[in-house]
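K.L.:
Could you work out the structure for the sequence below:
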Amino acid sequence: MTTTATQYLDRPDGRISYDDNGIDGPLVIAAPGMGDLRHSYRHLRDNLAAAGIRFVTMDIRGMGDSSVGWSDLSDAAIASDYLALIEELGGGPAVLVGNSLSCASCVIAATEAPDKVSGIMLLGPFVRDVPMAWWQKAVFGAMLLPPWGRSMWVSYYRKNLYPGPRPADHDAYVSSLSDNLREPGRFSAFRSISTNSHAESGKRIDNVHQPVVVVMGTADPDFPDPEAEANEIGEIMNAEVMMSEGSGHYPQADNPTLVVDALVELVDRTEPNPSSG
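P.N.:
Numbers count the residues shown, from 1 in each chain. You can find the predicted model right below:
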């Protein structure tokens, strides 16, 4: 598996870490969900490079190798990091990939700067506030309390969010995630991000005019009915919907072949047709 040296994007309140395969091709920028690392996309890298795609993965604020101590960890702030990285890498346009929480930031970025975003892929997307019973909110909040919060989240991530197939390196990856969350300031940032409202994205989802692909695992435990949620979002956004049979919340890790094929097709759709005009 190809690895690249970590690079950094300076922002007014800190810095964002990212990897760039440096290929001279269409630009794709991917960010993970809450409490996760940019390396959640590790199983896509080689095949996207072989397809001639410049694939860049960035950590969100407070996670991975990004700095801690941010004053703003909102969906809109993460959207601004997507757009700043596009500028840093030549101005785009770029296809944006989000997973879980970062999907909301993709929507905000696509509507905030439509000339910079040529398409978006949403994996297990939270792009609007999903109703949750008061007791579910209370249980989740209690689960993340110190001193047990980190170990509870890691255990939930390891077992519940991958109910079907798991990558061969799953245990090693989850251990690295646990180690990252032990670093000072990171679990505090994660707890803050976990309370983000997706109301802003929810107001914008019907204003996204770029091509959109929604990929949802049929066994995603974060949604009462994953297929119904995917289809409703797809209808609102005029998106292509793909269900990954047996996948949980991270189809980029447990079904990378499907995600790679769908992403390559999306990139092809957003590329200018040299025979037109």
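
K.L.:
ok, G25 to P184 distance?
P.N.:
38 Å (CB to CB, to the nearest Å). Every residue, glycine included, has its C-beta placed from N, CA and C.

K.L.:
Please, where are all the helices along this structure?
P.N.:
Applying DSSP state H to the chain gives helices spanning 45-50, 75-88, 102-112, 134-143, 149-159, 170-182, 186-193, 199-204, 226-237, 251-254, 256-270.

K.L.:
winner for burial among these?
P.N.:
Among those, judged by mean count of other CB atoms under 10 Å, the one packed with the most neighbours on average is helix 102-112 (a mean of 27).

K.L.:
Which other helices and strands does it contact?
P.N.:
Under the contact criterion of 3 or more CB pairs under 8 Å, 6 or more residues apart in numbering; DSSP states H and E, helix 102-112 touches helix 75-88, strand 94-99, strand 117-123, helix 199-204.

K.L.:
Just the CA coordinates for it, please, in CSV.
P.N.:
Provided in CSV are the C-alpha atoms of helix 102-112 (Å, rounded to 0.1, in the frame of the first residue of the first chain):
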residue,chain,number,x,y,z
SER,A,102,-17.8,15.3,7.1
CYS,A,103,-20.6,14.8,4.5
ALA,A,104,-22.3,17.8,5.9
SER,A,105,-19.2,19.8,5.4
CYS,A,106,-19.1,18.6,1.8
VAL,A,107,-22.6,19.9,1.2
ILE,A,108,-21.7,23.3,2.8
ALA,A,109,-18.5,23.6,0.7
ALA,A,110,-20.3,22.6,-2.5
THR,A,111,-23.0,25.3,-2.0
GLU,A,112,-20.6,27.9,-0.6
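
K.L.:
looking at the helices of the chain, which has the lowest confidence?
P.N.:
Lowest mean pLDDT of the helices of the chain: helix 134-143, a mean of 68.

K.L.:
want to throw the helices and strands packed on helix 102-112 into CSV with distance to G69?
P.N.:
Conversion of the helices and strands packed on helix 102-112 to CSV gives the following (distance: least, CB to CB, whole Å):
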stretch, distance to G69
helix 75-88, 13
strand 94-99, 24
strand 117-123, 28
helix 199-204, 23
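
K.L.:
And the ones you listed: which comes nearest D179?
P.N.:
Nearest to D179 among the helices and strands packed on helix 102-112 is strand 94-99 (20.3 Å), distances taken as CB to CB.

K.L.:
Which elements pack onto that closest one?
P.N.:
Using 3+ CB pairs under 8 Å, 6+ apart, the elements in contact with strand 94-99 are strand 27-30, helix 102-112, strand 117-123, helix 256-270.

K.L.:
wait, which of the ones you listed is closest to D81?
P.N.:
Among those, helix 102-112 comes nearest to D81, with 7.9 Å by CB to CB.

K.L.:
what inclination does that closest one have with respect to helix 75-88?
P.N.:
60 degrees (axes from the mean of the first three to the mean of the last three CA atoms, to 10 degrees).

K.L.:
Other residues contacting helix 102-112?
P.N.:
Residues from elsewhere that reach helix 102-112 (CB atoms under 8 Å, 6 or more residues apart in numbering): 31-33, 60, 75-76, 78-83, 96-98, 116-117, 120-128, 196, 198, 200-201, 204-205, 207-208, 210.

K.L.:
Next: stretch 186-195.
P.N.:
By CB under 8 Å, 6+ apart, the list of residues contacting stretch 186-195 reads 34-35, 60-63, 68, 70, 73, 101, 140, 144, 146, 149-150, 153, 180-181.

K.L.:
To H170, which of the helices and strands packed on helix 102-112 lies closest?
P.N.:
Comparing those by CB to CB, strand 94-99 comes nearest, at 15.9 Å.
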